[in-house]
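S.K.: I'll drop the sequence and a predicted model, then ask my questions.
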Amino acid sequence: MKLDSFAIGFIWFLLGHIAVFFQLNGQFKWDWFKQNEFILAACGLVISYFYIWGTKHTVEAFGGLLWPARFIGFGIGMLVYAVGVSYLFKEGITSKTFISLFLCIILICIQIFWKTS
């Protein structure tokens, strides 16, 4: 695995998921988000590039394999969502949510550390 490509891909996925979290859930926290749906939707064009670049670099990190990038992107999204909902909306993490997040971490670790032949 190319660690530099993985790190760059991870950062792009992280930025994309953070941006989407605010894009979709900001309406439940701030009036500006409720009143500016068109602007938020237009931001999706820029946010899409974060995912394109995240996928590009993560696939490169794994020697052209697509599945690891998909699972890593999914796992990062779940973790970002959990932190965002917990911190901004004060929704606690139930045992069911904790186990799901733990499984996401396992999913990411499998993709990173399990060597295929």
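M.R.: Ah, there it is. Numbering: from 1, shown residues only.
S.K.: residue boundaries of the helices in the protein?
M.R.: 3-25, 31-35, 37-61, 67-89, 95-113 (DSSP state H).
S.K.: Adding mean pLDDT and mean neighbour count, write the ones you listed out as JSON lines.
M.R.: For the C-beta atoms, the positions are set from N, CA and C on the backbone; glycine is no exception. As requested, the helices of the chain are exported to JSON lines (pLDDT from 0 to 100; neighbours: other C-beta atoms under 10 Å):
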{"stretch": "helix 3-25", "mean pLDDT": "97", "mean neighbour count": "18"}
{"stretch": "helix 31-35", "mean pLDDT": "97", "mean neighbour count": "12"}
{"stretch": "helix 37-61", "mean pLDDT": "97", "mean neighbour count": "16"}
{"stretch": "helix 67-89", "mean pLDDT": "93", "mean neighbour count": "17"}
{"stretch": "helix 95-113", "mean pLDDT": "90", "mean neighbour count": "13"}
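S.K.: what's near enough to touch the residue minimising distance to the centre of the chain?
M.R.: In the chain, the residue lying closest to the centroid (C-alpha atoms, centre = their mean) is Gly77, at 2.8 Å. Contacts of Gly77 were listed using C-beta atoms under 8 Å, 6 or more residues apart in numbering, and they are 13, 17, 20.
S.K.: Against Lys34, how distant is the last one?
M.R.: Here the distance between Val20 and Lys34 works out to 17 Å (C-beta to C-beta, to the nearest Å).
S.K.: cool, and the second one?
M.R.: The span separating His17 from Lys34 equals 22 Å under the rule C-beta to C-beta.
S.K.: ok, now the first one?
M.R.: With distances taken as C-beta to C-beta, Phe13 is found 27 Å from Lys34.
S.K.: And Thr94, by the same measure?
M.R.: The value you get for Thr94 to Lys34, if C-beta to C-beta is used, is 28 Å.
S.K.: again with Ile106
M.R.: From Ile106 over to Lys34 (counting by C-beta to C-beta), the distance is 37 Å.
S.K.: Likewise for Trp53?
M.R.: From Trp53 to Lys34 the distance is 30 Å (C-beta to C-beta).
S.K.: got the contact list for the residue lying closest to Ile110 once chain neighbours are set aside?
M.R.: Excluding its sequence neighbours, the residue lying closest to Ile110 (C-beta to C-beta, 6 or more residues apart in numbering) is Phe71, at 7.7 Å. By C-beta under 8 Å, 6+ apart, the contact list for Phe71 reads 107-108, 110-111.
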